[in-house]
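next input, structure requested:
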Amino acid sequence: TYHPALNLVYYGTGNPSTWNPAQRPGDNKWSMTIMARDADTGMAKWFFQKTPHDEWDYDGVNENILVDKEFQGKPRKLLVNMDRNGFAYTLDRETGELLVAEKYDPAVNWATHVDKETGRPQVVAQYSTQQNGPDVNTKGICPAALGSKDQQPASYSPKTGLFYVPTNHVC
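Reported below is the predicted structural model:
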């Protein structure tokens with residue numbers, strides 16, 4: 001996504017490899033991340049990682065929708081992303097500040113919520129393939145690897161003020 005006035009390009013990155021989280025310790029920075037870069041120089045303006053150490057193959061490549069709306073009584077330049085992980089993120093598109101991170105699919109169970117201070121999802125141990133170990137077949141994870149939203153695009157209508165999001169409900 002490109003914003004001409006800010007001269008920024010926004011894009012998401014995919015999941016880390018290998019899929020087995022035990023083989024890649026840490027957050028696996030720059031995977032599952034929304035990146036904002038200067039369109040002329042390519043220099044980074046900001047980054048926001050949605051699913052650190054992605055254990056579920058959620059990727060992070062869905063579209064970033066740019067919306068000018070009021071937020072807490074002030075006009076803001078927003079970036080909205082409905083991620084495969086089942087959370088919808090609203091960021092300030094100039095600074096990358098996390099403003100909102102909420103489940104848009106009520107079936108999501110792999111995390112309880114996203115901590116607004118750190119931006120980190122609070123993972124539920126029962127649905128963590130990393131925490132359950134290599135000899136456990138972790139079941140019932142919602143969403144499945146397909147995600148709450150796959151690559152079919154979402155949109156926003158300034159006329160209705162609503163986002164239209166094609167979703168999957170597959171656990």
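
from the chain's centroid, how far away is the top strand by length along the chain?
Counting by DSSP state E, the longest strand found in the chain is strand 74-82. Its chain's C-alpha centre lies 14 Å from the corresponding centre of strand 74-82 when counted by C-alpha atoms, centre = their mean, to the nearest Å.

residues of that strand that come out buried?
Arg76, Lys77, Leu78, Leu79, Val80, Asn81, Met82 (16 or more other C-beta atoms under 10 Å). For the C-beta atoms, the positions are set from N, CA and C on the backbone; glycine is no exception.

show residues contacting that strand.
Applying C-beta atoms under 8 Å, 6 or more residues apart in numbering, the contact partners of strand 74-82 are 1, 3, 6, 10, 12, 34, 50, 62-71, 88-94, 99, 104, 148-149, 154, 156, 163, 165.

among those, name the buried ones.
Neighbour counting by 16+ other C-beta under 10 Å classes 1, 3, 6, 10, 12, 34, 50, 62-67, 88-91, 93-94, 104, 148-149, 154, 156, 165 among the contacts of strand 74-82 as buried.

identify those among those residues that sit within helices.
Under the assignment DSSP state H, these contribute nothing to helices.

in strands, which of those residues appear?
Per DSSP E, the buried ones among the contacts of strand 74-82 map to strands at His3, Tyr10, Gly12, Ile34, Ile65, Leu66, Val67, Ala88, Tyr89, Thr90, Leu91, Tyr156.

what's opposite the first one in the beta bridge?
Pointing back at His3 there. Assessed by DSSP bridges, His3 has beta-bridge partners Leu8.
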